[in-house]
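> Coordinates only, no sequence provided:
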């Protein structure tokens, strides 16, 4: 059986945790909120690449920030021609601007057109 002292402390902890969560959300919104609508690219590969042709680019557009995570539209065409589209992928927001490099919306749109062309070609075969 839980002592009243312990129960009171746990209630205080829950209240403090809620207050900390509100502060965390505000800080994360200020830190990462500016990423919404921005576009990024990442140099991707499978394990143990041996030559430059083993790499390809992944692209993403940030749709929202939740805490320390970014929800993105991501797509790529890998070295074997496999097309992947993730309409709501969740990635750590701090990766955007570090391992993921920012690109312009025009550069992103150019790659979207390239991906759509590849999808059309595959589905029309």
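All right, it came through fine. It should be emphasised that the depicted structure is a prediction, and the values quoted were computed from it without experimental measurement. Residues are numbered from 1 along each chain as shown.
> and the worst-scoring helix or strand of the chain on mean pLDDT, which residues are buried?
The least trusted helix or strand in the chain, going by mean pLDDT, DSSP states H and E, turns out to be helix 4-32, with a mean of 89. Neighbour counts over helix 4-32 (16 or more other C-beta atoms under 10 Å) mark 28, 32 as buried. In this view, the C-beta of every residue, glycine as well, is placed from N, C-alpha and C.
> swap in stretch 104-114?
108, 111, 112.
> contact partners of it?
Applying C-beta atoms under 8 Å, 6 or more residues apart in numbering, the contact partners of stretch 104-114 are 39, 41, 57, 59, 61, 75, 77.
> now swap in stretch 116-123 and tell me
Residues from elsewhere that reach stretch 116-123, judged by C-beta under 8 Å, 6+ apart: 77, 81, 83.
> Figure out how far it is from the centre of its chain.
In this view, stretch 116-123 has its centroid 25 Å away from the chain centroid, taken as C-alpha atoms, centre = their mean, to the nearest Å.
> average model confidence for that stretch?
Rounded to a whole number, the mean pLDDT of stretch 116-123 is 94.
> residues in contact with the residue most central in space within the chain?
Residue closest to the average C-alpha location in the chain (C-alpha atoms, centre = their mean): residue 91, at 3.2 Å. Counting by C-beta under 8 Å, 6+ apart, residue 91 touches 60, 69, 70, 72, 74, 100.
> cutoff 10 Å now
40, 42, 60, 62, 69, 70, 71, 72, 74, 99, 100 (C-beta atoms under 10 Å, 6 or more residues apart in numbering).
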